[in-house]
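sequence plus the predicted model coming up.
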Amino acid sequence: MQRIIKFRAWDTAHKKMFSPYEMGQDELQLNPDGRGFFNASSLSPKLSQYYPHMIPLQYTGLKDKNGAEGYYTDILNASFQDNWVVDWDEDEGNYYLRSLLGYDPLPLRKMKDMVIIGNIWENPELLKAKEYDK
């Protein structure tokens, strides 16, 4: 099975998330250096626009329990427990789930047992670790 490669983007200037569909409509392409996007003009490179303020967020290729696509920096919840963030391991070269309470990381495939509840850009309040009564 082939993995689907697609991106959405967080626009830091306008505080707005752009879906892959919206980016396709605007014909935005990932900059070759992986930082930001550009809209290439076929008439002249001088007419092309570069958007360094847009952060690329890659699709992980996996979906949550409800079938929602998982992207880098999404926040997931497993019932009443800790919230988890989709993160990237530079050394291993793969995505994993990082606990906000400091539990050991989980493999990304565990996403299928969780629900995406937001992302770090639009829902920073979800990054606060929760204290549970024991």
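That came through, no problem.

could you point out which element follows the longest strand along the chain?
The single longest strand within the chain, with elements called by DSSP state E, is strand 54-63. Using DSSP states H and E, the helix or strand that follows strand 54-63 in sequence is strand 69-71.

elements contacting that following strand?
Contacts defined by 3 or more Cβ pairs under 8 Å, 6 or more residues apart in numbering; DSSP states H and E place strand 69-71 against strand 54-63. Using the backbone N, CA and C atoms, a C-beta is placed for each residue, glycine as well.

paired strands for the strand it packs on, with orientation please.
Strand pairing for strand 54-63, determined by DSSP bridges: strand 7-11 (antiparallel), strand 69-71 (antiparallel).

let me have those in CSV, extended by distance to Tyr59, mean neighbour count and mean pLDDT.
Shown next, in CSV, are the strands paired with strand 54-63 (distance: least, Cβ to Cβ, whole Å; neighbours: other Cβ atoms under 10 Å; pLDDT from 0 to 100):
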stretch, distance to Tyr59, mean neighbour count, mean pLDDT
strand 7-11, 7, 20, 95
strand 69-71, 6, 20, 97
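
would you turn these into CSV with distance to Glu27?
Formatted as CSV, the strands paired with strand 54-63 follow (distance: least, Cβ to Cβ, whole Å):
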stretch, distance to Glu27
strand 7-11, 13
strand 69-71, 20
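
quick one: which of the ones you listed is nearest Glu125?
strand 7-11 (16.2 Å; Cβ to Cβ).

pLDDT averaged over the very next helix or strand once past the closest one, what's the number?
Per DSSP H and E, the first helix or strand lying C-terminal to strand 7-11 is strand 16-18. Strand 16-18 carries an average pLDDT of 95.

now for strand 16-18, which elements pack on it?
strand 7-11.

in contact with Tyr72, which residues?
57-58, 60, 86-88, 95 (Cβ atoms under 8 Å, 6 or more residues apart in numbering).

please read the previous query as pertaining to His53.
So His53 contacts 11-13, 36 (Cβ under 8 Å, 6+ apart).
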